[in-house]
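Novice: Sequence below, structure please.
(2 chains)
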Amino acid sequence: MSDRTWPAIRLVASREIQRLLHSKAYIVTTVLLVAAVVLGPVALSLVGGDDEGQQVGFTPAASSLTAGVESASAAGGTDMTTSAVEDRAAGEQAVTDGDLDALVDVTGAGTEIVVDSSVDPALEATVAAVSQQQTLTAAIEELGGDPAAVTGSVAESAPTVTALDAEDEFDPAGFISALATGILIFVAIMTSGQLIAQGVVEEKQSRVVEILLSTLRPWQLMVGKVAGIGLVALVQVVLVVGAGAGTAVALDLVDPDVVDLGATAAWAVVWFLIGFVTYAFALGGAASLVSRQEDVGAVLAPFTALMMVPYIVGVSIAPYAPDSPVVTWLSLVPFCSPLLMPVRMAVGGVAGWEVAVSVGLALATIPVVIWLASRIYAGAVLSSGARIKVKDALRAA
Amino acid sequence: MGTLEIDGLTKSYGSRKALRGTSFDVRSGEIFGFVGSNGAGKSTTMRIVLGVLMPDAGEVRWAGRPVDHALRRRIGYMPEERGLYPKMKVGEQLVYLARLHGLSKAESVASMERWTSTLGVDERRDDEVQKLSLGNQQRVQLAAALVHDPEILVLDEPFSGLDPVAVDVMSGVLRERAHAGVPVLFSSHQLELVEALCDRVGIIAAGAMDAVGTVEELRSIGNPQWVVDVPGTGDASTPAWVPDDVRVVGRSGSRITFEPRTPGSEQTVLRAALAQGDVTEFARVRRPLTELYRDVVRVDADRPTDPTTATEASA
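Specialist: Next up is the predicted model:
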């Protein structure tokens, strides 16, 4: 290795970086990914507010119940919007039209809930409690007592609940961050791997590689290319992960006790790097076997398939059933782990030894992939024409 | 300064022998023309010199030392199959290539500016290579071979596809580089050009050098030809006065071209001609390289060892 090695690799890498930074495709992809992780949660939180709440109308006679029902439902975690209606008839019409889910009225016979077909039990309980409370308060006042003191004593007598086998709470934040991690890592590795493959073939197809290799060694060209494209892709991943995590924090979407956002983000970046290096060399080596851009897809097909399996398992099974054996085992296998393990880790509950085994195996695979890919590349990159067999490329190297 | 020695290169592709002991040398300050049929082994030889291909046997030396990776970055190379990044700008591309060959950024920019001006593509520095005409792409390709101020030039058909003006520019550049002490090895099918430009010529056929030398030396290969003209001596294909120890190879009017069968027999012809009347012309024929080349290749094609070698007309 001469003292000219690193300057040469740096030159190759910086050419790739400039090429990408001037590429519209790269900029558009980055902007779209960042927009997706920022605008997605924002839109969800806006839409979510309207969707689940019940619209409850109160007649003038029942208006004294409004404040009580509002605060009781807020305390109970039910989402409810209250409104005043002119009179019973208007309220009933609104219920029939579907503008209101329920109408509360107070008649001589007592408190009445008008609904279209059936009443939401939580609403019924809330209205009943508030109505009873009001009646009770009036009675206590009539008897000369202090309603507030009585209410306090009543509240204290409420039972506390002790669950012996607490049900796992489904955590939407963990689910979404797992899904986003899985998609992001797949998209980032796939696009950057494709860029490397196309770059290799562009040099081969244009025959510029012959000039390059009269001054560079094949591995220097390959390493420079992977380093340059990798750096740009890493910036993209960090931007997207940062924007996603930042949005989650800003919108208060994540409960820090349940999901460790910082660790999830850091692991996503680490796994991207491991996956990128593995696939970058594999795809670069494979691409050197063909001489035309039209043939790139075919020669990369086995690797694309190899990426699709953990990706699909990662986004379709892992977030829902992180403990499924398929997920557990695949997440330990090199080539699959970078696309699957970060999804599991985002969901949470992965044992430390599993992470260690998975990272260890993936890292151990990298030198083998680099060695094989570099040999294939060196043996194939200068032969133009028909697709070269792997066997022949290895022999020529 | 030294000599680029190509010594005993052999290379086989499967059962096909592309090179079988190719040897010649190119001296410092010399323009060496490398000619031969398609498939004779010119490009294979040049690619081995540049290290993009490994020979099965043999060695390339510069100033007595085997050419290694460090020295190769001091060679300017124009590959047979042209190649530049199609979507990279001319100027950026040349600077990039100069820097890959070890020049500093400032040196690279200065050199890029100098060569694009010299080769007449300075107006196109900010254009992508793919937007240039083929002729201009060729000029940029030559600039790519020259931009790192190489100590040795190896150019595979630098003249193909150039217009006459560009041919003059390119010839001038090669002469100037040779004058500066650079050994210039280039291949071409344009034999008139090779004859005009080269100090020495090597003819390769079927992977081995058939003839190496100055054009003058090549003329001495095979039988020398003479021409004699005695006006008014009839138009028979071989006039009766011509002695038997020469062979008449051509005739136009009274002008006869012949090869002596024994050394000195051209003098017998001259005496016989003077006996016929006034001799208006008597001279040794300066055969053009094209003809010499055809002779060499024809001899080669007659050789039974390699039936694949085709004789072909010069481009």
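Novice: hey, where'd the strands end up in the chain?
Specialist: Since you didn't name a chain, this refers to chain A. For chain A, applying DSSP state E gives strands covering A:54-58, A:80-84, A:102-107, A:110-115.
Novice: Chain B, not that one
Specialist: With DSSP E, the ranges of strands along chain B come out as B:3-13, B:16-27, B:31-36, B:57-62, B:65-66, B:75-78, B:152-156, B:184-187, B:200-205, B:208-213, B:226-229, B:246-252, B:255-260, B:281-284.
Novice: Those into JSON lines, with extra columns for distance to chain A and mean pLDDT?
Specialist: The C-beta positions use only the backbone N, C-alpha and C, and glycine is treated the same way. Below are those laid out as JSON lines (distance: least, Cβ to the nearest Cβ, whole Å; pLDDT from 0 to 100):
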{"stretch": "strand B:3-13", "distance to chain A": "10", "mean pLDDT": "92"}
{"stretch": "strand B:16-27", "distance to chain A": "14", "mean pLDDT": "92"}
{"stretch": "strand B:31-36", "distance to chain A": "17", "mean pLDDT": "93"}
{"stretch": "strand B:57-62", "distance to chain A": "13", "mean pLDDT": "93"}
{"stretch": "strand B:65-66", "distance to chain A": "16", "mean pLDDT": "92"}
{"stretch": "strand B:75-78", "distance to chain A": "5", "mean pLDDT": "93"}
{"stretch": "strand B:152-156", "distance to chain A": "9", "mean pLDDT": "94"}
{"stretch": "strand B:184-187", "distance to chain A": "14", "mean pLDDT": "95"}
{"stretch": "strand B:200-205", "distance to chain A": "20", "mean pLDDT": "92"}
{"stretch": "strand B:208-213", "distance to chain A": "23", "mean pLDDT": "88"}
{"stretch": "strand B:226-229", "distance to chain A": "47", "mean pLDDT": "88"}
{"stretch": "strand B:246-252", "distance to chain A": "44", "mean pLDDT": "83"}
{"stretch": "strand B:255-260", "distance to chain A": "45", "mean pLDDT": "86"}
{"stretch": "strand B:281-284", "distance to chain A": "44", "mean pLDDT": "88"}
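Novice: what's the spacing between residue A:79 and chain B?
Specialist: If you measure residue A:79 against chain B using Cβ to the nearest Cβ, to the nearest Å, the figure is 55 Å.
Novice: and that residue, how many neighbours does it have?
Specialist: Counted with other Cβ atoms under 10 Å in any protein chain shown, residues neighbouring residue A:79 total 13.
Novice: could you dump the strands of chain B to TSV with mean neighbour count?
Specialist: Shown next, in TSV, are the strands of chain B (neighbours: other Cβ atoms under 10 Å in any protein chain shown):
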stretch	mean neighbour count
strand B:3-13	18
strand B:16-27	19
strand B:31-36	26
strand B:57-62	17
strand B:65-66	10
strand B:75-78	24
strand B:152-156	25
strand B:184-187	26
strand B:200-205	25
strand B:208-213	19
strand B:226-229	20
strand B:246-252	15
strand B:255-260	19
strand B:281-284	13
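Novice: Between the strands of chain A, which one is closest to residue A:327.
Specialist: Closest to residue A:327 of the strands of chain A is strand A:54-58 (Cβ to Cβ; 37.6 Å).
Novice: ok, residue B:295 - how many residues close by?
Specialist: Residue B:295: 18 neighbours (other Cβ under 10 Å).
Novice: Flag every residue of the stretch 101-250 of chain A that's near chain B.
Specialist: Counting by Cβ under 8 Å from any Cβ of the partner chain, the residues of the stretch 101-250 of chain A close to chain B are A:202-203, A:206-217.
Novice: Return the closest of these with respect to residue A:303.
Specialist: Looking at those and their distance to residue A:303, the nearest is residue A:202, at 18.6 Å (Cβ to Cβ).
Novice: wait, isn't that closest one in contact with residue B:85?
Specialist: Yes: with contact defined as Cβ atoms under 8 Å, residue A:202 reaches residue B:85; the gap is 7.3 Å.
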